[in-house]
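Asks: Okay, here's the prediction I keep looking at, along with the sequence it came from:
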Amino acid sequence: MDKNELINDATKGMTPIVKTVVRFAMGIIVIFGAYIVLYGHLTPGGGFAGGVILACGYIILTLAFGKTLALGKMSNTGASILDNSGALLFITIGLLGYVGGVFFLNFLPKGVRFDLVSAGTIPLANIAIGLKVTASVFAVFVALSIFGRVMYQERIGDDQTEE
Amino acid sequence: MEIFLLLLLAFMIIGSLVAIETRNLLSSVISVGVVGFSLSIAFLMLGAPDIAITQVVVEILILVILIRATITTDNTAIEGGRDTFPFVSSLIFFGLFLIFAWFAIQELPRFGEPSMRISRRYLETGAARTGATNIVTSVLLDFRGYDTIGEATVLFTSIVGAFVILRRRGRKQKSEEDREKFGIIEEEEIKKTFEGF
Amino acid sequence: MILYFLALVLLVMGLYCLIAKKNIVKKIIGITITEYSINLFLVLLGYRRGGVAPILLKGMDNGELVDKSVDPLPQALVLTSIVIGLGVLALMVSMCLRIYEKYNTFDMSEINKLRG
């Protein structure tokens, strides 16, 4: 299978110990990041910290398995779409406040305190910001690392194309 | 409690002194990392767990990005002496600034007794009006949501700017290569060849 | 008050590093240290002695929170500031990489020389 070949390729990425540990740790990191984003209105955290944690999860995937597998999970266009949709969702939540009469009014019902689904538009805004920050940080990391690769190839006079 | 904060701040000042003066770029980046992590501990001591979480993860990303900039060169040592004029003038001016700052600080409210004139309203009505129990999130996303839109815009703009700067083939380069391929001659070149007539 | 003064000393050290050093990466490190000191100063302004974090727990009364918590407004501003610092650093480092590609050095005095 193509995915198994990508995972078990010994020339790309790091040693098998790192690959095994990252395979276990990646699920925990994604769940933890999603928990901090979703419970942002009840416990410390919020959209920004959770988004950066999710982006760090993708970064550790890129470092351990090589660029091809990680870009297969979320490609450049995919990251760009997520980023823009997060920003547009946030602005839409603000504009929908005009339903109540004011820009950025919290117009949904407030619900019971200490519940997960409560506090109106605040969890939705947290999710939008989490999406935006995740996609942005991961895309910037990929752009910075690809730039170095091009410079290195030009320096050693190699003209292989990128895979 | 205050003694612990004092020790932490002294540690941060020593760490940033090492980061500024050392000659090896890699060790100076690591010192900045140490300063950032001890800043996160200071935030936790000051009753701000939200900011402590954010500072730890953002500090890790700052380290990753700075190390990416450092290993561009093959050797990470810095050479060269120092210019005297910026060094001496900055020491004089910053010394003056600190002297005036010491007198200006005496006018601030004392450490440990904040005058919470606006925050009193947020604390009293925050949980009832927004339904969120984390008052910092309710301030950030409900009472002051417009500032968060501004922050999302700044983050978006800086990331797009980083993309544009790191593009592999700029648009000007691409059009010049196309022009050579298809043999399109520009108007000024034609005028220059027929100038003598 | 000594704590405010030490935070301002950190600010001054960051600015000195930005002005007086010649390497571009050292200047970026100076900007980072200045941002840390400003965030610390803002959170120090809002601290209440013996205070709790501004989070309402189960079974806590709202009046109790008003009496005992620290100031939540500087915390919201500092949260914004930390994330903006990350974005600005990404932009600065990408410019730094382009400068290295063109001039092949990080030294500002060599980059500043006029080339005929």
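Replies: That came through, no problem.
Asks: The residue in chain A positioned nearest to chain B and C:Met108: what is the separation?
Replies: Closest residue of chain A to chain B, Cβ to the nearest Cβ: A:Lys110 (3.4 Å). All C-beta spots, glycine's among them, are computed from the backbone N, C-alpha and C. Using Cβ to Cβ, to the nearest Å, A:Lys110 is found at 55 Å from C:Met108.
Asks: higher neighbour count, the two?
Replies: A:Lys110 (17 against 14; other Cβ atoms under 10 Å in any protein chain shown).
Asks: distance of C:Val66 from C:Arg48?
Replies: 11 Å.
Asks: Same question for C:Leu79.
Replies: Taking Cβ to Cβ, one finds C:Leu79 at 19 Å from C:Arg48.
Asks: what's near enough to touch C:Thr34?
Replies: By Cβ atoms under 8 Å, 6 or more residues apart in numbering or on different chains, the contact set of C:Thr34 is C:Leu11, C:Gly14, C:Leu15, C:Leu18.
Asks: can you tell me which of these are up against chain B?
Replies: When contact is defined as Cβ under 8 Å from any Cβ of the partner chain, the contacts of C:Thr34 meet chain B at C:Gly14, C:Leu15.
Asks: Need the contacts of C:Thr34 in JSON lines (columns: neighbour count and distance to A:Phe24).
Replies: Shown next, in JSON lines, are the contacts of C:Thr34 (neighbours: other Cβ atoms under 10 Å in any protein chain shown; distance: Cβ to Cβ, whole Å):
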{"residue": "C:Leu11", "neighbour count": "22", "distance to A:Phe24": "43"}
{"residue": "C:Gly14", "neighbour count": "23", "distance to A:Phe24": "40"}
{"residue": "C:Leu15", "neighbour count": "19", "distance to A:Phe24": "45"}
{"residue": "C:Leu18", "neighbour count": "19", "distance to A:Phe24": "43"}
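Asks: Out of the contacts of C:Thr34, name the ones that lie in strands.
Replies: Among those, none falls in strands (DSSP state E).
Asks: Between which two of the contacts of C:Thr34 is the distance greatest?
Replies: Spatial extent of the contacts of C:Thr34 (Cβ to Cβ) is set by the pair C:Leu11 and C:Leu18 at 10.9 Å.
Asks: how far away is the closest residue to chain A within chain B from A:His41?
Replies: Ranked by Cβ to the nearest Cβ, the top residue of chain B for proximity to chain A is B:Gly131, at 3.4 Å. Distance of B:Gly131 to A:His41, computed by Cβ to Cβ: 8 Å.
Asks: And for B:Leu17?
Replies: Distance of B:Leu17 to A:His41, given as Cβ to Cβ: 41 Å.
Asks: Comparing these two, which residue is more hemmed in?
Replies: More neighbours surround A:His41 than the other of B:Leu17 and A:His41, with 26 against 15 (other Cβ under 10 Å).
Asks: was I right about that one contacting A:Ile122?
Replies: Yes. Under the criterion of Cβ atoms under 8 Å, A:His41 makes contact with A:Ile122 at 4.7 Å.
Asks: Show me the common contact partners of these two, please.
Replies: Here A:His41 and A:Ile122 share the contacting residues B:Gly131, B:Ala132, B:Thr137, B:Ser138, scored by Cβ under 8 Å, 6+ apart.
Asks: And the pLDDT at the closest residue to the first one other than its chain neighbours?
Replies: In space, and not counting its chain neighbours, B:Gly131 is closest to A:Lys110: 3.4 Å by Cβ to Cβ, 6 or more residues apart in numbering or on different chains. A:Lys110 carries a pLDDT value of 77.
Asks: give me phi/psi at A:Lys110?
Replies: phi -80, psi -30 (degrees, to the nearest 10).
Asks: picking up where we left off before, quick check: of the shared contacts of A:His41 and A:Ile122, which has the highest neighbour count?
Replies: So for these (other Cβ under 10 Å), the most neighbours sit at B:Thr137, 31 neighbours.
Asks: Please give the element, helix or strand, for it.
Replies: According to DSSP states H and E, B:Thr137 maps onto helix B:135-138.
Asks: anything in that helix near chain C?
Replies: Yes. Interface with chain C: helix B:135-138 contributes B:Ile135, B:Val136 (Cβ under 8 Å from any Cβ).
Asks: what mean pLDDT does that helix have?
Replies: The average pLDDT within helix B:135-138 is 91.
Asks: Stretch A:85-100 now?
Replies: The average pLDDT for stretch A:85-100 rounds to 85.
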